[in-house]
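In: Quick one, structure for this:
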Amino acid sequence: MNRIGRMARAVAIGLIASPGALIGVGAQPHVEATHTEAPRVEVLVIDGMINPATAEFFSHGLAQAQSRNASLLVLELDTPGGLDTSMRAIIKEILSSTIPVATWVGPAGARAASAGTYILYASHIAAMSPASNLGAATPIAIGPQAPEPAEPPPSAGRPGGGVAGPVDTLHEKMVNDAAAYLRSLAQLRGRNADFAEKAVRQAHSMSAQEALHAGVIDLIARDVDDLLAQVDGRQITVGSSKVKLALAGAQIQTFHPDWRTGVLAVLSNPTVALVLMMLGVYGLFIEVIHPGAAVPGVAGAICLLLGLYALHLLPVNWAGVGLILLGTALMIAEVFLPTFGVVGVGGIVALVVGGMMLIDSEGGQVAIPFPFLVGLAAVSAAVIFGFGTFALRARRRPVVSGREGLVGAAGVVTWVDDEGAWARVQGASWRVRSREPLAAGTAVRVDKVDGLTLEVSGAGQARS
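Out: Numbering: from 1, shown residues only. This next block holds a predicted model:
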């Protein structure tokens, strides 16, 4: 009976619990169905030059936004321009993005000049803040410009927005390529292609209001909240599909470049890269001519590696790097060769020309100023010649300590017996030998050191 009672009790409990379990299982999907997550908007802030560091920052931020299923990525942009290669890397990321990207030139007073104009045109949504501007997208050749001819060629006034004036084939190539690129972005997004042409060929610029009226941008927004309010409900073409933005109550998260991006941005400056490389050469040179100093060698090696890493970030012409290293080697050789300055002057010329050729880019606003290159060459010559001259003078001085310092030293014979003679030289007693007879009190001069015995010769009369 007890067993039967326990079984009946278990069955009763199961029957009572089953409806509740079934109710619980059936209720869970209903709760999930009624729960809707707020849309997510991520904001990336780029304030400064467009360089490899900012391109990496944007690529990482866009990838994170896509992985978190953000409804919109907003690029808050304020830039004077930058490297063509970094700009194109950002644009490729925007064109292949699976989520809409809105570029907002802000806050008020910001600009999207040069490379920023291209990024604005490429974005799914182009917006600007009041009192901001865009344009001036003409590529700038890095390095010395070609000399201007006396008369402009007849083709200078050609149609298509070209500016009458001297023609440099390389510059024309860069301008035509940039104009076609920006025009293609304008056609892709349905924006004003005429201004795109003028911004490249004639360096035209526009204010925010002018850009809105001309169909260059989509809207003017005071801040990110105003931007989201204006684009909420809009239908955006992303790739081959249409996306309707639903941004009401969106969660906004803003990301600024971290310290690593800041360091990379500093290293991405070609002037800084060149200075680091030269500091590395200085340090290693000082360590070679003054072995054992340690600090110049360690600091030089670190600076050289940082400089090479910085050059790795930039579109570098390695022929320029080779000329810089050759110029430095020639200036060092001038210290040791009797060439009366010929090799040194050649090294300075090679250093300046190498610096002018260092950046290999068809356009952009990143360059090494020519006066800086001349100053760097002068400082390099002064450092190398100065330290090299001091080192040579130190090497040519007679040794005044140690075994080598004993040669030529004067002494006095203090003891003579059947086993040999002893003399006091530089305050120490040494066994000496000589081809001349020695007597106590005789002044001698050391000619050679043979182990612990000094070979001496008479240096005067015996003392009384």
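In: Report pLDDT for residue 392.
Out: Listed pLDDT for residue 392 reads 61.
In: Next one: residue 107 from residue 116, what distance?
Out: As for residue 107, its distance to residue 116 is 14 Å (criterion: C-beta to C-beta, to the nearest Å). No exception for glycine: its C-beta is placed from N, CA and C like everyone else's.
In: correction: residue 278
Out: For residue 278, the distance to residue 116 (C-beta to C-beta) stands at 32 Å.
In: One more: residue 313?
Out: Residue 313 is 20 Å from residue 116, by C-beta to C-beta.
In: one step back: what about residue 107 and residue 116, which has more around it?
Out: Per other C-beta atoms under 10 Å, whichever of residue 107 and residue 116 has more neighbours is residue 116, with 28 against 16.
In: How much space separates the more buried one from residue 294?
Out: Distance of residue 116 to residue 294, given as C-beta to C-beta: 47 Å.
In: With residue 433 instead?
Out: Per C-beta to C-beta, residue 433 is found 42 Å from residue 294.
In: cool, and residue 272?
Out: Counting by C-beta to C-beta, the gap from residue 272 to residue 294 is 25 Å.
In: Likewise for residue 131?
Out: In this view, residue 131 and residue 294 are 55 Å apart by C-beta to C-beta.
In: if you count what's nearby, which of the two comes out ahead?
Out: More neighbours surround residue 131 than the other of residue 131 and residue 294, with 14 against 10 (other C-beta under 10 Å).
In: if I pick residue 43, what's in contact with it?
Out: Residue 43 makes contacts with 73, 74, 75, 76, 224, 252, 253, 254, 255, as judged by C-beta atoms under 8 Å, 6 or more residues apart in numbering.
In: Repeat the analysis, applying 7 Å as the threshold.
Out: Each residue near residue 43 by C-beta atoms under 7 Å, 6 or more residues apart in numbering is listed here: 74, 76, 224, 252, 254, 255.
In: swap in residue 368?
Out: Counting by C-beta under 7 Å, 6+ apart, residue 368 touches 270, 271, 274, 355, 358, 359.
In: quick one: which of those residues sit in helices?
Out: If you go by DSSP state H, the contacts of residue 368 have 270, 271, 274, 355 in helices.
In: which of the residues you listed tops the neighbour count?
Out: Among the ones in helices among the contacts of residue 368, residue 355 has the most neighbours (other C-beta under 10 Å), with 27 neighbours.
In: shouldn't that residue be in contact with residue 274?
Out: Yes: contact criterion C-beta atoms under 7 Å: residue 355 and residue 274 qualify, at 6.1 Å.
In: distance of the residue lying closest to residue 103 once chain neighbours are set aside from residue 455?
Out: Spatial nearest neighbour of residue 103, excluding adjacent residues (C-beta to C-beta, 6 or more residues apart in numbering): residue 123 at 3.9 Å. Separation of residue 123 from residue 455 (C-beta to C-beta): 88 Å.
In: and those two? which has more neighbours close in?
Out: Each of residue 123 and residue 455 has its neighbours counted (other C-beta under 10 Å); residue 123 has more, 27 against 15.
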